[in-house]
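In: need coordinates for the below:
(chains A, B and C)
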Amino acid sequence: LLVLLSPIISQAQSDAKEPDSSAAVPRGPVFAVEGATIRLGALYQVDATAQDTDNPSGFDIRAARLRMAAKSHGVEAFLQTDFTKTTPLYDVRVRYTPIKQIRLTAGLFKSPFSRSHLWSRSGIPLVERPVAVDAIAPRRQVGFELQARDASERVSLRAGIFNGTGRTPRSNDDNNFLYVGRLKLKQDVARATFSLGANAAYSIDSDVNLGALSSSFSGTRAVFGADASITSGLWLFAIEGLAANVSPDGGLDRRATGGYVVAGAPLFSSSLQIVARYQRFYADIAGESDQEWIEAGLNYRPAAAVRFQLTGGVPYDKSPSPDDGPRATLRFQFALN
Amino acid sequence: LLVLLSPIISQAQSDAKEPDSSAAVPRGPVFAVEGATIRLGALYQVDATAQDTDNPSGFDIRAARLRMAAKSHGVEAFLQTDFTKTTPLYDVRVRYTPIKQIRLTAGLFKSPFSRSHLWSRSGIPLVERPVAVDAIAPRRQVGFELQARDASERVSLRAGIFNGTGRTPRSNDDNNFLYVGRLKLKQDVARATFSLGANAAYSIDSDVNLGALSSSFSGTRAVFGADASITSGLWLFAIEGLAANVSPDGGLDRRATGGYVVAGAPLFSSSLQIVARYQRFYADIAGESDQEWIEAGLNYRPAAAVRFQLTGGVPYDKSPSPDDGPRATLRFQFALN
Amino acid sequence: LLVLLSPIISQAQSDAKEPDSSAAVPRGPVFAVEGATIRLGALYQVDATAQDTDNPSGFDIRAARLRMAAKSHGVEAFLQTDFTKTTPLYDVRVRYTPIKQIRLTAGLFKSPFSRSHLWSRSGIPLVERPVAVDAIAPRRQVGFELQARDASERVSLRAGIFNGTGRTPRSNDDNNFLYVGRLKLKQDVARATFSLGANAAYSIDSDVNLGALSSSFSGTRAVFGADASITSGLWLFAIEGLAANVSPDGGLDRRATGGYVVAGAPLFSSSLQIVARYQRFYADIAGESDQEWIEAGLNYRPAAAVRFQLTGGVPYDKSPSPDDGPRATLRFQFALN
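Out: The predicted structure is shown next:
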């Protein structure tokens, strides 16, 4: 049966793939019927966390995701749910590729902003993305995107228009939209890949939840970011900076900023990686100091679908809040893309 | 593999199929194991809507559905979830077919009422069902149904008993039930199919959400409807009328009425269809005028699993409410039954 | 295709199986790809209940479960959701079996407590587990478990550490944990299997929902239980007792107790079983009397995946509450493990 499925599997290698996602995660099973193929996937993450903060130590289900990717006559459709969330819907997208260099995508999916955000969760080098990325990047949105690449795939440009209301399937909050764009340059030199990215977003909002920036925001926001990375197998060096200009209606303007530097290297073998990261986030909210973290981690992948991840971090703040204590997380991960 | 799966696929052609569902949507993959078969399906609908009303223009995820149909020794089981909803459970049913003419169904499923309601979402001619159908038909319910057909399948009779509490898996609201029945006559003449349907429902309720009729209804309701249609390929003509007599405990009786006329025809090719509809709904609620709409649409199906749908509508009311402005929706659909 | 799938199916026979689960339920389809296998499963239960209590008679969707079990290089991953619940996540676990006698499990899964609780829902002899088991056993929890068996599999020991907050994927309530252990002895004699089990649990809690014991509990709880069973085909005899010592902070200590005796036998054929049960539960809450029930049932399995279950019960209380009246439930079940 494995032999019989092989040609179908190879057909499906290119669908529904984030540009930076980890190539190491194996594909789930692919089935063909009446001119369509379906691929099933999953991502489970179980965490054990010890921390000296106001939050207790204990166990967490960090991800319980199911995926179904389908393909028919050049149209790709993708659904992903995460059952650890109150609203389990994560991605629904329909994608059309009229020619190899152009992709049109409609639905709920990651807006094209931030190298770290676009890197798929199954392959991120430490257990959590940087705080600044989660807070500042527009993340998942409902809308429409156009992606264009040159023939060599060295230059790619993505531009999207979205409701701007985040990962909610319901309708727009107002008649204004979120506009997001990202330019990425990629160059292979010897066995390494160099990458440069820049992104910007602009939105007018009425009562939108912006997470760490504002739980109910009405006004104008403009977000900027730039990133650079060099990767070669388990060798990794990446740097990214982000800034958000937030102008609430009838309130004072704020500028949230942050970023990170991360480096990784193989340790003894091709299945063990050591990683270190410095990150910073400043929300520009009265009474809140900025956050700084020094973190280190080990990633062990005994089989393609399995990963153990150990990440430890200490705050590097001048005046840390009660939530900012040293912490360590051990993660058990199972993934089929 | 396609060749090997063919006999299994043909076995599954008849299971879990609504009488009026679109034959054009391809079946999802079917697997066989130990005397059982499983079929996976999906329906994704992404909308872009422009409208001149109190509701904003923007993008919507209208459907993010996953389906699993299973069959074993003449018993069919079906599950469908829609992850755009707070309560994602849409259908769970177990069906037994003792002889070809008789079907017994238990679970959560569409109650046998209204041609438009029973037509599956992946094939409806305009992006939304008529307002009167959504408001008056009892729609999905938890309970039990008996379906009987004559050998020629020209006469079918369906009768069901349900909690009457709608699409909620929890227990009954009281010791009273909703009774629903539908009689349908079908006749093929040349290459066209003529169909006539009549349905009735009766229920005593304690605190049930009836949507547009009442958000918390206690009392007695009696619902009636009749429909007729002629179809031949993309040619379509259908007409339906519905009425609900609503007698709230200690309140005044109301009679909600409505219906529609819809016509469709192929345009240039067998993958493009043009559709027009007139519809009306009167809720008989003090201060609310009746709604009337003139609508038109284009349906383009470049591949069996893919459909683009463009629907535009203008209100035809004498005194339209702020929600009743002109609107247009472009839908991207991917479906595997 | 069935022939081709056979070797893959047999590989998957041992994964993700509860020790006492019904062997009669057929396995769902199994797929292999790139060194991993995936198995899909489902459990649907539709109930019709008639009762003479404060709760109404009617129809219920009792279970609408989807399962996905995956296996790769000795690591098993399992996801189960039940879409009848507000929080559909039921199980997410990653399991590693370094040697045949040792299993390490991390995630959300059934804590090792109570023979009745560990028996899978698709095979329980009456439509509901005993009230005392549902109320006293710690049930599903998020955490970590070690399971050890001797080579003959006659002695098994399971020990787990959990958040103690129940079936919620979020983090721990405090820095204290729930500890659960179970010892089980099993012996085959002729065609019968004898089994003896004992379990204990201890937890310090801050604001945890303990269901029938307390909706918001802060304090210390210690739970004990013992069970014994003899099974041989459809012949079944089992007895279990449970007790919980509950010490709320600043409140009076309580001792909830309960248990059951259940017996089953084949009737006329190997697909029909008759069952009788006596059960008792005392919550030790002021103003609440203890519950006692005499119950009887018929289980009919016309095909491996299909089961009809009829259970009737009458209260045997001295002073029954308005909820304690005679009741009968007819269940339609479809299951693929």
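In: quick one: mean pLDDT over the helix or strand hosting residue A:196.
Out: In the assignment (DSSP states H and E), residue A:196 maps to strand A:192-208. Averaged across strand A:192-208, the pLDDT comes to 96.
In: elements contacting it?
Out: In terms of contacts (3 or more CB pairs under 8 Å, 6 or more residues apart in numbering or on different chains; DSSP states H and E), strand A:192-208 is packed against strand A:178-189, strand A:217-232. Backbone N, C-alpha and C define where each C-beta goes, glycine included.
In: same thing but at 10 Å, please
Out: Strand A:192-208 sits against helix A:115-118, strand A:155-162, strand A:178-189, strand A:217-232, strand A:235-248, with contacts defined as 3 or more CB pairs under 10 Å, 6 or more residues apart in numbering or on different chains; DSSP states H and E.
In: any idea which of these is most buried?
Out: Greatest average neighbour count among those goes to helix A:115-118 (a mean of 24), per mean count of other CB atoms under 10 Å in any protein chain shown.
In: tell me the angle the helix or strand harbouring residue A:42 makes with strand B:36-51.
Out: Per DSSP H and E, residue A:42 falls inside strand A:36-51. Angle, strand A:36-51 to strand B:36-51, by axes from the mean of the first three to the mean of the last three CA atoms, to 10 degrees: 80 degrees.
In: what lines up beside the following helix or strand past strand A:36-51 in the sheet?
Out: Tracing the chain past strand A:36-51, the next element assigned as helix or strand by DSSP H and E is strand A:58-72. Next to strand A:58-72 in the sheet, as set by DSSP bridges, lie strand A:36-51 (antiparallel), strand A:75-82 (antiparallel).
In: related to what we said a few turns ago, mind putting the helices and strands packed on strand A:192-208 in CSV, mean pLDDT and distance to chain B included?
Out: Output for the helices and strands packed on strand A:192-208, formatted as CSV (pLDDT from 0 to 100; distance: least, CB to the nearest CB, whole Å):
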stretch, mean pLDDT, distance to chain B
helix A:115-118, 97, 20
strand A:155-162, 98, 7
strand A:178-189, 97, 10
strand A:217-232, 97, 14
strand A:235-248, 97, 20
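In: now distance to residue B:256 too, for the ones you listed, in CSV please.
Out: CSV is the format used below for these (distance: least, CB to CB, whole Å):
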stretch, distance to residue B:256
helix A:115-118, 48
strand A:155-162, 38
strand A:178-189, 40
strand A:217-232, 38
strand A:235-248, 44
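In: so which of those gets nearest residue C:233?
Out: Nearest to residue C:233, of all the helices and strands packed on strand A:192-208, is helix A:115-118, at 56.5 Å by CB to CB.
In: settle this for me: residue A:110 is touching residue A:120, isn't it.
Out: Yes: in this structure, residue A:110 is within contact of residue A:120 by CB atoms under 10 Å, at 9.2 Å.
In: state the distance from the residue of the stretch 51-200 of chain A found nearest chain C to chain B.
Out: Chain C sits closest to residue A:58 of the stretch 51-200 of chain A, with a gap of 2.6 Å, by CB to the nearest CB. For residue A:58, the distance to chain B (CB to the nearest CB, to the nearest Å) stands at 28 Å.
In: and for the spatially closest residue to that residue that is not a sequence neighbour, the neighbour number?
Out: Nearest residue to residue A:58, sequence neighbours excluded (CB to CB, 6 or more residues apart in numbering or on different chains): residue C:172, at 2.6 Å. By other CB atoms under 10 Å in any protein chain shown, 23 other residues sit near residue C:172.
In: what helix or strand is residue C:172 located in?
Out: Per DSSP H and E, there is no helix or strand for residue C:172.
In: what's whichever residue of the stretch 151-300 of chain A sits closest to chain C in contact with, if anything?
Out: Nearest to chain C, among the residues of the stretch 151-300 of chain A, is residue A:271, at 11.5 Å (CB to the nearest CB). Counting by CB atoms under 10 Å, 6 or more residues apart in numbering or on different chains, residue A:271 touches A:24, A:234, A:299-304, A:307.
In: so where does it fall, helix or strand?
Out: Applying DSSP H and E, one finds residue A:271 within strand A:269-282.
In: neighbouring strands - and their directions - for that strand?
Out: For strand A:269-282, pairing defined by DSSP bridges yields strand A:254-267 (antiparallel), strand A:291-303 (antiparallel).
In: could you tell me the least trusted of the strands paired with strand A:58-72?
Out: Of all these, strand A:36-51 has the smallest average pLDDT, which comes to a mean of 91.
In: buried ones in it?
Out: Going by neighbour count (16 or more other CB atoms under 10 Å in any protein chain shown), the buried part of strand A:36-51 is A:36-49, A:51.
In: same question, stretch A:70-77
Out: A:70-72, A:75-77.
In: what's the closest of the residues you listed to residue B:336?
Out: Nearest member of the buried residues of stretch A:70-77 to residue B:336, counting by CB to CB, is residue A:70, at 6.3 Å.
In: show me the shaky parts of chain A.
Out: A:1-24, A:29, A:31-35, A:318-320 (pLDDT under 70).
In: nearest the geometric middle of it, what residue?
Out: Closest to where the C-alpha atoms of chain A average out (CA atoms, centre = their mean) is residue A:117, at 2.8 Å.
In: my guess is that residue contacts residue A:201. True?
Out: No: contact between residue A:117 and residue A:201 fails when scored by CB under 10 Å: they sit 11.5 Å apart.
In: who's in contact with the nearest residue to residue A:290 once chain neighbours are set aside?
Out: Computed as CB to CB, 6+ apart, the closest residue to residue A:290 that is not its neighbour in sequence is residue A:282, at 3.7 Å. Taking CB under 10 Å, 6+ apart, we find residue A:282 in contact with A:131-132, A:135, A:243, A:254-258, A:288-292.
In: and whatever residue of chain A ends up closest to chain B, how far from residue B:252?
Out: Proximity of chain A to chain B (CB to the nearest CB) peaks at residue A:172, 2.6 Å away. Per CB to CB, to the nearest Å, residue A:172 is found 38 Å from residue B:252.
In: and for residue A:134?
Out: Distance, residue A:134 to residue B:252, using CB to CB: 54 Å.
In: which one's more surrounded, the two?
Out: residue A:134 (17 against 9).
In: in which helix or strand does that one reside?
Out: Short version, using DSSP H and E: residue A:134 is in helix A:131-136.
In: and that helix, what does it pack against?
Out: Using 3+ CB pairs under 10 Å, 6+ apart, the elements in contact with helix A:131-136 are helix A:115-118, strand A:217-232, strand A:235-248, strand A:254-267, strand A:269-282, strand A:291-303.
In: now the ones you listed in CSV, please, with extra columns for distance to residue B:162.
Out: CSV is the format used below for those (distance: least, CB to CB, whole Å):
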stretch, distance to residue B:162
helix A:115-118, 46
strand A:217-232, 44
strand A:235-248, 49
strand A:254-267, 53
strand A:269-282, 53
strand A:291-303, 49
